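1. Using only what follows, build the 3D model:
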Amino acid sequence: MKEYDRLIIWMDYFNSTLSRAEGRRVPLNKAVRSLTLDELCQAASSIGYTPQPFQARHPKRSYIQSGYIAVEKKGSKTKVIYELAEALRKIREQRLEVSK
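-> You can find the predicted model right below:
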């Protein structure tokens, strides 16, 4: 049964190797490469959401394994996607600083 009080956020929305037609929803300067479901969950948690991760195949790219998270609705889906994109960039920057 579909949950109308939750948003579905696919990993493909943030994939810098995809075009907009293939499913990317953020500009290239906000997108990341090789995103994992764990990173997406970590980003959602860092901005105050409680993500529920799922392994699945995106309908536009059913030949590649992907995944998504379900988060509670707190505003528009576009707003949540852009918040997550910023959080993902911060997580990546922190990893680069730690690895130096």
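2. For this protein, which residues score under the pLDDT cut-off?
-> By pLDDT under 70, the low-scoring segments of the chain are 1-2, 100.
3. quick one, strands of it?
-> 6-10, 52-56, 66-72 (DSSP state E).
4. which one of those strands lies closest to Ser46?
-> strand 66-72 (12.3 Å; Cβ to Cβ). C-beta: built from backbone N, CA, C; applies to glycine.
5. List the buried residues in that closest one.
-> For strand 66-72, a neighbour-count test (16 or more other Cβ atoms under 10 Å) marks Ser66, Gly67, Tyr68, Ile69, Ala70, Val71 as buried.
6. quick one: which of those is nearest Tyr13?
-> Among the buried residues of strand 66-72, and counting by Cβ to Cβ, the member closest to Tyr13 is Tyr68, at 8.8 Å.
7. just to revisit the earlier point, so which of the strands of the chain gets nearest Asp38?
-> Checking the strands of the chain against Asp38 by Cβ to Cβ gives strand 52-56 as the closest, at 7.9 Å.
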